[in-house]
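> structure of the sequence below:
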Amino acid sequence: MITNEMRRHFDKRTNRHIELVQKYIRKINKRWDIAGHDSSKFEAPEKIPYTYLTWRYKCNRENTPYEVPEEMKDAIHDATYHHVKNNRHHPECWDENIKSNPINKDNRDTPSGVIVDATKMPVTAIIEMCADWCAMSEELGGHPAKWAKDNIGVRWNFDKHQIEYINHLIEVMWSNDEL
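Presented below is the predicted three-dimensional model:
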């Protein structure tokens, strides 16, 4: 059962993530507004599963025991697939050959063995994807360049020019310089 505390945490964390994505996008274009980023997480079929998922991540970071209810595990996996297939900033959205969930069901933060063809991903989606990676890195204390290195060619295939652009974007977005 979702508690009010879980709902509040989901809303606060997801809205903060969207603010961070906007911060990184604005390093590329100060006028670009991506207010719709991750808006699908606030609607069915994503909201309830992502509330549980967000709570699990919070508890893991705090070393607080929490187990997602068994009946929610498939819903989280399905919501993740819905999210990546319906949001332009995810490479999975651009691979028409992906007909089932390429996300690792046991640990969505590790590759599943399926490599998504992201070569049709347009520049605007790549910019938002890189801003998303920077936001997640800021939230979790990682580095977006490490995430890119660990996942490009393992989780997603991009062409040579896309990879160069991704690396450039990360360098610009992650820098402390304001443009």
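> okay, CA-based contacts and neighbour counts for the rest of this
Fine.
> dihedrals phi and psi, residue 77?
The phi/psi pair for residue 77 (degrees, to the nearest 10) reads phi -60, psi -40.
> what about the residue nearest to it when sequence neighbours are not counted, distance to residue 167?
When the adjacent residues along the chain are set aside, residue 77 lies closest to residue 105, with 6.1 Å between them (Cα to Cα, 6 or more residues apart in numbering). Residue 105 sits 28 Å away from residue 167, taking Cα to Cα, to the nearest Å as the criterion.
> does the residue nearest to residue 77 sit in a helix, a strand or a coil?
At residue 105, secondary structure determined by DSSP: H, G, I helix; E, B strand; the rest coil is coil.
> burial count for it?
As a burial measure, residue 105 scores 17 neighbours (other Cα atoms under 10 Å).
> wait, it sits on residue 75?
No: with the criterion set as Cα atoms under 8 Å, residue 105 and residue 75 do not qualify as a contacting pair; they are 10.7 Å apart.
> so who does the residue nearest the centre of the chain touch?
Among the residues of the chain, the smallest C-alpha distance to the mean C-alpha position (Cα atoms, centre = their mean) belongs to residue 132, namely 6.0 Å. Shown in contact with residue 132 (Cα atoms under 8 Å, 6 or more residues apart in numbering): 20, 21, 89.
> next helix or strand past the helix or strand where the second one lies?
When secondary structure is defined by DSSP states H and E, residue 21 falls within helix 4-25. Per DSSP H and E, helix 4-25 leads on to helix 47-61 as the next helix or strand towards the C-terminus.
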